[in-house]
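Generate a structure from the sequence data that follows.
(one chain, ligands or ions: 2)
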Amino acid sequence: MRVLIIGGGGREHALAWKIAQSPLLGRLYCAPGNAGIAALARCVDLPVDDLEGICKYALDKRIDLAVIGPEAPLAAGLADRLREAGLKAFGPSEEGARLESSKIWAKERMSRWGIPTAEFAVFDDYEAAQRHLERRYRERPVVVKADGLAAGKGVVVAPDRLAAEEALRQIMIEKVFGASGERVILEECLYGEELSILAITGGERLVILPSSQDHKAIGEGDRGPNTGGMGAYAPAPLLTDELAREVERQVFRPFLKGLQAEGIDYRGVIYAGLMIGRGKINLLEFNVRFGDPETQAILPLIRSDLLPLLLAAAEGSEDAAAFSADLPLFAGSAATVVLASEGYPGVYATGKAIRGLKEAARPDGGFDSEKEGLALFHAGTAFNDSGAVVTSGGRVLGVTAWAGTLPAALQFAYRSAEQIDFDGCYYRRDIGHRALKR
Ligand code: AMP
Ligand code: GLY
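Residues are numbered from 1 along each chain as shown. Ligands and ions are numbered 1, 2, ... in the order given. Here you go, the predicted model:
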């Protein structure tokens, strides 16, 4: 098979790494890829928003399956375009992608489909939103959300009235998130622990992947501004077997029924961002793609070939065999530590030489590949003119290790991360802290 991956971050490197292990793979392509992906795939310099260029390239290379990584091309309709061109694509239609690209559309579907979620109200009028704050949230925290895609931002958890008013003004009047602030959601603040659960679906059946937990804040102890994610681990010990059954019953089953009732073409991965508080499940958000960096921690735990499942989902054929069997999993845990550029999620420098990648890939004393493993997933890396690997983004690398236990996986990942250095290299030292406390 000839496979094209669209995207160029850590998630796409993890996908490339997993797909490259498939005996079914003939040739792997990636648009645009990065310096790490280049070792596994032929990278082509096409930005993810060049839908036309990507379709043309996929036709040209006679691609059997296109796997779309990021949300922006999905929201722009890349999967539909590829299908119209007669190609197979792993990724939801533009309509399906609205579950992520419009928070309001998503919340309306959650309510309609009976999926538990925080109480909310929608406003396109600033004064009406202010009155709602006054009436309902005078004494309690509220969450203010801009409607559209805002690169993982656009959500303000306001602890008090002053913060809520400020957030509302910034989003609706100053338009700090652009046009996505023309409509907002005011939502009840939920408490508990967050958990990500992803499932692969062709629209009728699904396969649930191991659970994971992200670390969104830049600073240790979950302090400071939110990022795309500074680390992850999988599986999340928070998810007991009973809770897993409830998530399937309360979230994924209604999701599938809802798709069918509304005739939404959904072939790809659905990401449920959950809040678990006192045993109660609430859905915070849907994402319509693999999480980043959750994917880096999840994929190493899957012991079977992923490609047939991606293909079955893309075909929407609902090949019962592909979707019925339990995934064979590695009996342990995986952890990903993200190495970022100083200044991220604000401004940061790029073009910094990355040292120690070879040493990091082969830790002292080696390791037992049956019982543990290591992968250095590149996120924001590129080659400079002399062919050296340099930084090219805020999140630079996702050092991922897996072992029998989470503490062992974390220790292994940190031992490897210590070998890597670039000017302004920053990472959190407390990835997995919630699970370790358990
Ligand atoms: P979202 O993009 O909607 O998932 O929001 C981003 C982050 O904001 C989530 O991962 C949560 O940490 C937080 N958040 C969103 N909605 C709520 C809520 N209703 N209560 C508490 N925290 C929330
Ligand atoms: N790591 C969070 C996300 O991918 O949305």
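
And Gly192, how far from Leu259?
27 Å (Cβ to Cβ, to the nearest Å). Every C-beta, even on glycine, is put in place using the N, C-alpha and C of the backbone.

Can you check the pLDDT for the closest residue to Gly394 other than its chain neighbours?
Of all residues not flanking Gly394 in the chain, Tyr344 sits nearest, at 3.4 Å (Cβ to Cβ, 6 or more residues apart in numbering). In this model, Tyr344 is scored at 97, pLDDT.

residue contacts, Tyr344?
Tyr344 is in contact with 218, 227, 394-395, 426, counting by Cβ atoms under 8 Å, 6 or more residues apart in numbering.

Try it again at 7 Å.
227, 394-395 (Cβ atoms under 7 Å, 6 or more residues apart in numbering).

ok, now Ile270?
By Cβ under 7 Å, 6+ apart, the residues touching Ile270 are 199, 201, 255, 286, 288.

Now go through the residues you listed and say which are in strands.
Under the assignment DSSP state E, the contacts of Ile270 contribute 199, 201, 286 to strands.

Only C-alpha atoms, please: export the helix or strand where His13 lies in PDB.
Using DSSP states H and E, the element containing His13 is helix 10-19. Coordinates of each C-alpha in helix 10-19 appear next as PDB, following Å, rounded to 0.1, in the frame of the first residue of the first chain:
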ATOM      1  CA  GLY A  10       4.800  14.800  16.700                       C
ATOM      2  CA  ARG A  11       1.500  13.200  16.200                       C
ATOM      3  CA  GLU A  12       2.300  12.600  12.500                       C
ATOM      4  CA  HIS A  13       5.700  11.200  13.400                       C
ATOM      5  CA  ALA A  14       4.100   8.700  15.700                       C
ATOM      6  CA  LEU A  15       1.600   7.800  13.000                       C
ATOM      7  CA  ALA A  16       4.400   7.400  10.500                       C
ATOM      8  CA  TRP A  17       6.400   5.300  13.000                       C
ATOM      9  CA  LYS A  18       3.500   3.000  13.600                       C
ATOM     10  CA  ILE A  19       2.400   2.700   9.900                       C
END
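
does any bit of it sit next to ligand 2?
No. Residues of helix 10-19 are not located near ligand 2 by Cβ under 6 Å from any ligand atom, the shortest gap being 7.5 Å.

Can you tell me which residues in the stretch 51-200 of the chain are near ligand 1?
Counting by Cβ under 6 Å from any ligand atom, the stretch 51-200 of the chain comes close to ligand 1 at 118, 143, 145, 155, 157, 187-190, 194.

Adding pLDDT and neighbour count, write these out as TSV.
Below are these laid out as TSV (pLDDT from 0 to 100; neighbours: other Cβ atoms under 10 Å):
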residue	pLDDT	neighbour count
Ala118	97	17
Val143	95	20
Lys145	92	26
Val155	88	19
Val157	90	16
Glu187	96	22
Glu188	96	16
Cys189	96	14
Leu190	96	20
Glu194	93	18
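
what residue ranges in the stretch 151-300 of the chain score low on pLDDT?
151-152 (pLDDT under 70).

mind redoing it with 80?
Across the stretch 151-300 of the chain, the ranges flagged by pLDDT under 80 are 151-153, 180.

Mind checking the pLDDT average for the helix holding His13?
In this model, helix 10-19 has an average pLDDT of 98.

and that helix, how far from the chain's centre?
Relative to the centre of its chain, helix 10-19 is centred 12 Å away, using Cα atoms, centre = their mean, to the nearest Å.

Packing partners of it?
Secondary-structure packing of helix 10-19 (3 or more Cβ pairs under 7 Å, 6 or more residues apart in numbering; DSSP states H and E): strand 2-7, strand 27-32, helix 294-298, strand 373-378.

Among the ones you listed, which comes closest to ligand 2?
helix 294-298 (5.6 Å; Cβ to the nearest ligand atom).

In terms of secondary structure, what does that closest one contact?
Using 3+ Cβ pairs under 7 Å, 6+ apart: helix 294-298 touches helix 10-19, strand 231-234, strand 333-341, strand 395-403.

please redo it, this time with the cut-off set to 8 Å
helix 10-19, strand 193-201, strand 231-234, strand 333-341, strand 395-403 (3 or more Cβ pairs under 8 Å, 6 or more residues apart in numbering; DSSP states H and E).

what about the strands in the stretch 1-150 of the chain?
2-7, 27-32, 42-43, 65-68, 89-90, 120-123, 142-146 (DSSP state E, counting those that start in this stretch).

swap in the stretch 301-438 of the chain?
Under DSSP E, counting those that start in this stretch, the stretch 301-438 of the chain gives strands at 333-341, 373-378, 381-383, 389-391, 395-403, 425-426.

Any chance you could list what contacts the fourth one?
For strand 389-391, the surrounding residues in contact (Cβ under 8 Å, 6+ apart) are 35, 341, 349-354, 357, 378, 380-384, 422.

Most neighbours among those, please name it.
In terms of neighbours by other Cβ atoms under 10 Å, those top out with His378 at 29 neighbours.

number of nearby residues for the closest residue to that residue other than its chain neighbours?
Closest residue to His378 apart from its sequence neighbours, by Cβ to Cβ, 6+ apart: Gly36 at 2.7 Å. Counted by other Cβ under 10 Å, the residues lying close to Gly36 total 25.

same question, Ala163
15.

Okay, buried residues for the helix or strand containing Ala163 please.
Assigned by DSSP H and E, Ala163 falls within helix 161-172. The neighbour-count check on helix 161-172 (16 or more other Cβ atoms under 10 Å) flags 161, 164-165, 167-168, 170-172 as buried.

how many neighbours does Trp105 have?
If we define neighbours as other Cβ under 10 Å, then Trp105 has 15 of them.

measure it to ligand 2 for me?
Noted for Trp105: a distance of 17 Å to ligand 2, by Cβ to the nearest ligand atom, to the nearest Å.

Now do the same contact list for the closest residue to Phe412 other than its chain neighbours.
Spatial nearest neighbour of Phe412, excluding adjacent residues (Cβ to Cβ, 6+ apart): Ala401 at 3.8 Å. Neighbouring residues of Ala401 by Cβ under 8 Å, 6+ apart: 334-335, 372-375, 409-410, 412-413, 416.

Can you get me a residue count around Glu108?
13.

go on, Arg355?
Using other Cβ under 10 Å, Arg355 has 16 other residues around it.

partners of it in the sheet?
Applying DSSP bridges to Arg355 gives these bridge partners: Asp421.

residue contacts, it?
420-422.

sorry, back to before: ok, now which ones touch the residue nearest to His378?
By Cβ under 8 Å, 6+ apart, Gly36 lies in contact with 13, 376-378, 381, 397.

Identify the residues contacting Tyr29.
2-5, 41-44, 57, 61, 63.

would you turn the strands of the stretch 301-438 of the chain into JSON lines with distance to Pro73 and mean pLDDT?
Shown next, in JSON lines, are the strands of the stretch 301-438 of the chain (distance: least, Cβ to Cβ, whole Å; pLDDT from 0 to 100):
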{"stretch": "strand 333-341", "distance to Pro73": "23", "mean pLDDT": "98"}
{"stretch": "strand 373-378", "distance to Pro73": "20", "mean pLDDT": "97"}
{"stretch": "strand 381-383", "distance to Pro73": "20", "mean pLDDT": "98"}
{"stretch": "strand 389-391", "distance to Pro73": "24", "mean pLDDT": "98"}
{"stretch": "strand 395-403", "distance to Pro73": "19", "mean pLDDT": "98"}
{"stretch": "strand 425-426", "distance to Pro73": "29", "mean pLDDT": "98"}
